[in-house]
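**Student:** model this:
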Amino acid sequence: MKVVNLLAVVDQEKCRGCKTCERVCPVLAISVVDRKAVVDADRCRGCAACEQRCPEYAITMAKREQPIVVQVDVAGVDYAKIEELCRKAKLHPEQIICYCTATRAEEVAAAILQGARSPEDVSFQTGARTGCKVECIQPILRLLEAAGIEPSPPKGGWQWYGRTPTVWEIPEEVKKKYTGRGFYFDEDIKLFERVIAAPLQGRRES
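**Tutor:** As a prediction, this is how the structure comes out:
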C-alpha cells in the first residue's frame, strides 16, 4: 500500500525527448510522443525516478491536489490461495518485501491472483517498487514465477533487474567450496524454512 502525494510534471520547453524518463519509470507512466515526454497522471506513483535521472532537469515533482491510495485489498482474494502462492515462492505471506512502502508478500500475491502479470503491473496496483526501485523486484519476480508467469522486461526499459539465485538454488559444488570459509548454506536454509512455515499472525490465521 502506498499513499501517492506527488506527480511528475514535464517542462515541455526543456524536454528533448531522450526517453530516459520512459526507460526508468517502474509503472510505465511516461511515454515520449513527438519527442516530448508525456505523463499519465493516473498511472504515476510519484517515485521521482524520472525527475532524478532527467539529464535536462525537465521534470519536477508536484504535490497532488488529492493524494491517491494505491492498494490491493487482500480480503478480496481467497487467503488460502495467497498463502499457497507465497509459500511456493519461499516467502512468508506477512513478510514485508518492499521496505520503502511496507508492502507485504500477501498483497503482491493478491495482485497476481487478481491478474497482475509483470513487475510493472504489481507496482502499479500495490505501490511496491516505487521507493528505492531496486531491492523488491526479486521477491516480486519469485511470486510471479511461483504463479507460472515469466514476465519480460519492458522493451528498452532500464528499471528491471533479473532474478538472482536464492540459497535453495546454490549448487552443491559451490556449497562445498565455501563451507570451510565461514558460509553455512544448509543452516541458512533450515532457518529460512522455519520462517516461511511460521504460523500467520492475527486475523488471517488458517
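
**Student:** now do the strands in the protein.
**Tutor:** 2-10, 30-33, 36-39, 59-70, 96-98, 103-104 (DSSP state E).

**Student:** can you check what pLDDT the model gives the spatially closest residue to Val27 that is not a sequence neighbour?
**Tutor:** Using C-beta to C-beta, 6 or more residues apart in numbering and skipping the chain neighbours, the partner closest in space to Val27 is Phe124 (4.4 Å). Using the backbone N, CA and C atoms, a C-beta is placed for each residue, glycine as well. Looking at Phe124, its pLDDT is 96.

**Student:** what's near enough to touch Phe124?
**Tutor:** 27-28, 43, 45, 70 (C-beta atoms under 8 Å, 6 or more residues apart in numbering).

**Student:** which two of those residues have the greatest separation?
**Tutor:** Within the contacts of Phe124, two members stand farthest from each other by C-beta to C-beta: Leu28 and Val70, at 14.7 Å.

**Student:** settle it for me: which of those two has more neighbours?
**Tutor:** Neighbour tally, Leu28 and Val70, criterion other C-beta atoms under 10 Å: the higher count belongs to Val70, 20 against 17.

**Student:** okay but the more buried one is in contact with Gln125, surely?
**Tutor:** Yes - with contact defined as C-beta atoms under 8 Å, Val70 counts as touching Gln125 (7.0 Å).

**Student:** tell me the spatial nearest neighbour of the residue nearest the centre of the chain, not counting adjacent residues.
**Tutor:** The centroid of the chain falls nearest to Arg129 when counting by C-alpha atoms, centre = their mean (3.7 Å). Spatial nearest neighbour of Arg129, excluding adjacent residues (C-beta to C-beta, 6+ apart): Ser123 at 4.3 Å.
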